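Colleague: Need a 3D model of the sequence below.
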Amino acid sequence: MAVKLVKDETGKRSKGYAFIQYTSQDDAMLALENMDRKSIDGRMVYVEIAKPVTNTFGAYPRTSGPYRKKFIEANGTEGFNL
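Modeller: Numbering: from 1, shown residues only. I've put the predicted structure just below:
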């Protein structure tokens, strides 16, 4: 089993979620069945099977409006059709 705790940009504070890679699909399903919507130390735990990101094209804005301008300002134009 491997655990990746997701932290903020500074790397100091947890964002409140983690990815756990189980050694078997059966173990992952047991975690889903037994831990989803359970309370640990007063905090609700939600368990989901991670979905792979397959389409990165959706990250690009489709209009020529202010969202496109903000995207280009934040990310540059590399790989972007102007």
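Colleague: which residue ranges form the helices in this protein?
Modeller: When secondary structure is read from DSSP state H, the chain shows helices at 25-35, 66-75.
Colleague: Least confident of those helices, on average?
Modeller: Least confident of the helices of the chain, judged by mean pLDDT, is helix 66-75 with a mean of 70.
Colleague: just to revisit the earlier point, kindly reformat the helices of the chain as a markdown table containing distance to residue 5 and mean neighbour count.
Modeller: C-betas here are computed from N, CA, C, even on glycine. What follows is these, written out as a markdown table (distance: least, C-beta to C-beta, whole Å; neighbours: other C-beta atoms under 10 Å):
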| stretch | distance to residue 5 | mean neighbour count |
| --- | --- | --- |
| helix 25-35 | 16 | 12 |
| helix 66-75 | 26 | 11 |
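Colleague: what about this structure, any weak spots by pLDDT?
Modeller: Regions of the chain meeting the criterion pLDDT under 70 cover residues 53-69, 72, 76-82.
Colleague: circling back: identify whichever of the helices of the chain lies nearest to residue 11.
Modeller: Ranking the helices of the chain by proximity to residue 11 (C-beta to C-beta) places helix 66-75 first, at 20.9 Å.
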